[in-house]
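Enquirer: one predicted model, sequence on top.
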Amino acid sequence: MSEKEKNKRREFLNHVCPAVAMAFLGVPAIQSCSSGDDDTDMGTGNNNGGNTGGNTDAGYTKSGNTITIDLNNSNFSDLQSNSWKQFTAEKLLILKVSSTLYRVFDGVCPHKGTHTAWSYNSSNGQFTCGQHTKSFKSDCATPAAQPNSNHQGGGSLKCYAATVSGSNLVITL
Ligand code: FES
C-alpha cells in the first residue's frame, strides 16, 4: 500500500463514525452512528382527524347527511328572537315553532332555484321567494311543490327531519 493510499485510508477512518470504522476493520459493534438522544419522543400525534365537515366557528357541523347546529352560537342566535332563518350556507330555511320544535326546509325555491330571497309571513305560515314572489307553505304536511312549479301558495317546501338535542338542532337531510 503506497503512502498516498495509507493517508487516504487514515483520512477515511478519521471521518467515519467509530462503529463503522470498527465494522470496516472486522470488529463487531452495536453502537449506532448517530449522535445525540435517540430516545427523542416523536410525538403520538392526534388521531382525532377525520372530516368533521362544516365549520365549528360557523356554529354548525356537517357530517354526511347530518347537520348539527349550535343554537347558542351567535350565527344562529337570531332564532332566539325571530321565528325563522335563511340558512344560506346550506341552502336551508329554519322555522322555529317553539323552543323544542323546529322545521327545516329545502331553501332552494321550487320555482326557479333562487335560495337567497326568502321572507316569512307568520300570519299565513308561508315562505315567499322574492325572486318572482312565489309563496310556499311551511306546514310539512302539504305535498312539496315540484321543481319549476308555478305554485302560488299551493305547495310546501320540502321538509327535513329536525330534532332538538340539548342546545343543538340536528337536521337529517
Ligand atoms: S325563483 Fe323563487 S319565485 Fe322564482
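Expert: Alright, I've got the coordinates.
Enquirer: name the next helix or strand downstream of the lowest-mean-pLDDT helix or strand in the chain, please.
Expert: None of the helices or strands of the chain scores lower by mean pLDDT, DSSP states H and E than helix 18-24, at a mean of 44. Going down the chain from helix 18-24, the next helix or strand is strand 60-63, by DSSP states H and E.
Enquirer: tell me the contacts of the nearest residue to residue 160 once chain neighbours are set aside?
Expert: Of all residues not flanking residue 160 in the chain, residue 104 sits nearest, at 4.6 Å (CB to CB, 6 or more residues apart in numbering). Placement of C-beta: from N, CA and C, glycine included. Neighbouring residues of residue 104 by CB atoms under 8 Å, 6 or more residues apart in numbering: 92-95, 159-162, 169, 171.
Enquirer: at 7 Å what do you get?
Expert: 92, 94, 159-160, 162, 171 (CB atoms under 7 Å, 6 or more residues apart in numbering).
Enquirer: heading C-terminal from the helix or strand hosting it, find the next helix or strand.
Expert: Counting by DSSP H and E, the element that carries residue 104 is strand 101-106. Proceeding N to C from strand 101-106, the next assigned helix or strand is strand 118-121, under DSSP H and E.
Enquirer: what's that following strand in contact with?
Expert: Residues contacting strand 118-121 (CB under 7 Å, 6+ apart): 83-84, 86, 93, 107, 127-130.
Enquirer: in that strand, what's buried?
Expert: 118, 120 (16 or more other CB atoms under 10 Å).
Enquirer: okay, now the sheet partners of that strand, with direction.
Expert: In the sheet, strand 118-121 lines up against strand 126-129 (antiparallel) (DSSP bridges).
Enquirer: which residues touch the partner strand?
Expert: 93, 109, 111, 114, 117-121, 135-138, 153, 157.
Enquirer: near the ligand, anything from that strand?
Expert: Yes - counting by CB under 6 Å from any ligand atom, the ligand has neighbours in strand 126-129: residue 129.
Enquirer: can I get the CA coordinates of that strand in CSV?
Expert: Provided in CSV are the C-alpha atoms of strand 126-129 (Å, rounded to 0.1, in the frame of the first residue of the first chain):
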residue,chain,number,x,y,z
GLN,A,126,-95.9,30.9,4.1
PHE,A,127,-92.4,31.5,2.8
THR,A,128,-92.2,33.8,-0.1
CYS,A,129,-89.3,33.8,-2.6
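Enquirer: now do that strand, average pLDDT.
Expert: Computed over strand 126-129, the mean pLDDT rounds to 95.
Enquirer: what of stretch 95-102?
Expert: 94.
Enquirer: now the end-to-end length of that stretch.
Expert: End-to-end distance of stretch 95-102 (CA to CA, to the nearest Å): 6 Å.
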